[in-house]
Each structure stands twice: as structure tokens, then as C-alpha cells.
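Participant: Sequence plus the predicted model coming up.
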Amino acid sequence: MSDPPHRDPPARENGFRQLRSGVRRGWSRIAQRAVQRPVPAVPAAEPATEQPPEAVLHLLRHLGVAMCQAGDAVDRVTMILDDVAAAYGAHGVRFIVLPTGVFVRIEAAAATRVDFAPGSNAMLRLDQIDELYRLIDDIRLRPHLARALAQIGQDAARPARAAPAS
């Protein structure tokens, strides 16, 4: 019986080194191309126009609850609500976001308004979550309050696209 040919361990190790250095070079080229790739231009947002505080309060409250129902973390919900409030030119807006509800405080001319919207255990469907984030993106670029309020109400009431699997 003959012994199988024996490879020299240093030669095998040298092959692994060459393979690893080739992989590193490949990833290095990918990283260089990613850095050099031009960033697509983001359309400029329309300037913020101050809206009635009650309407902004109503929208922020419902958006916050919808995002909680979408399963977002409360820190992310707060950050997005801050962006939306800035898009409408709202001043002195504060939030307390909990998984079970959203408190919104907004300063009006001489008064401060606070409102609460309780959340529900119902989770949004994926198509509703998609519509919600498309609405948020639209608000950031083109803040039309009446359209946003109408859209948030339609999204919640929209029936499922297909019947559930049986």
C-alpha cells in the first residue's frame, strides 16, 4: 500500500495567504468604487410654512401611533416626528412616545396644547407600512397638511389587498 502524496504544509499555507490577499484586494476595490460613486441628488424640500398648531398636533399624534403600530422603536418615532414638525414650521414641539400611545405638546401663540392618542395592539400590514413611509417621505419634501391628514386616515381604513390564506 502506498502512502498518499504528502504536501508540504508551508506551500499550502502560502496558497491560503495568496487567496486571502486576493480577497482583500477585491473588497478594497469594491470599497474604493463605492466611495467614488456619485451620490444622487436629493430634491430640495419646499420651504416650511407655518401651519395651524391644532392640525399639526392632530397629524403628529396619528403619525406617531401609526409608526408604533408599524413596529418602530420609540426613539425612531420621536426622530421622525421631529422632522415632520420641522417640515410644518411648528415651534416648541415635544413628544413622549410609548408603545401604547403618543403624547404631543405644541406651543401655539399664547398657549400650549397637549394631546394624547392611545395606541392599539393591532399591527399594520406591510402594504400599510409602505404607504405610511411613503407619506412621511412626501411630507419631508412637500409638506401639504390637508393632503397628509387625508392620507393618514385613508391608509388606516384601507382593506387588505388580498384575502388571507386559508
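Facilitator: Alright, I've got the coordinates.
Participant: Can you list the buried residues in stretch 87-97?
Facilitator: Buried positions in stretch 87-97, judged by neighbour count with 16 or more other C-beta atoms under 10 Å: A87, Y88, A90, V93, F95, V97. C-beta coordinates here come from the backbone N, C-alpha and C atoms, glycine included.
Participant: Dump it to CSV, keeping only the CA atoms.
Facilitator: Written as CSV, here are the backbone C-alpha positions of stretch 87-97 (Å, rounded to 0.1, in the frame of the first residue of the first chain):
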residue,chain,number,x,y,z
ALA,A,87,-41.4,70.5,7.9
TYR,A,88,-44.6,72.3,9.0
GLY,A,89,-42.7,75.1,10.8
ALA,A,90,-44.1,74.0,14.2
HIS,A,91,-42.2,75.5,17.2
GLY,A,92,-41.9,74.1,20.7
VAL,A,93,-43.0,70.6,19.9
ARG,A,94,-42.2,67.8,22.4
PHE,A,95,-43.1,64.2,22.3
ILE,A,96,-43.5,61.3,24.7
VAL,A,97,-43.7,58.2,22.6
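Participant: Return the residues in contact with L57.
Facilitator: By C-beta atoms under 8 Å, 6 or more residues apart in numbering, the contact list for L57 reads V104, I106, R113, D115.
Participant: how close does it get to A108?
Facilitator: L57 sits 9 Å away from A108, taking C-beta to C-beta, to the nearest Å as the criterion.
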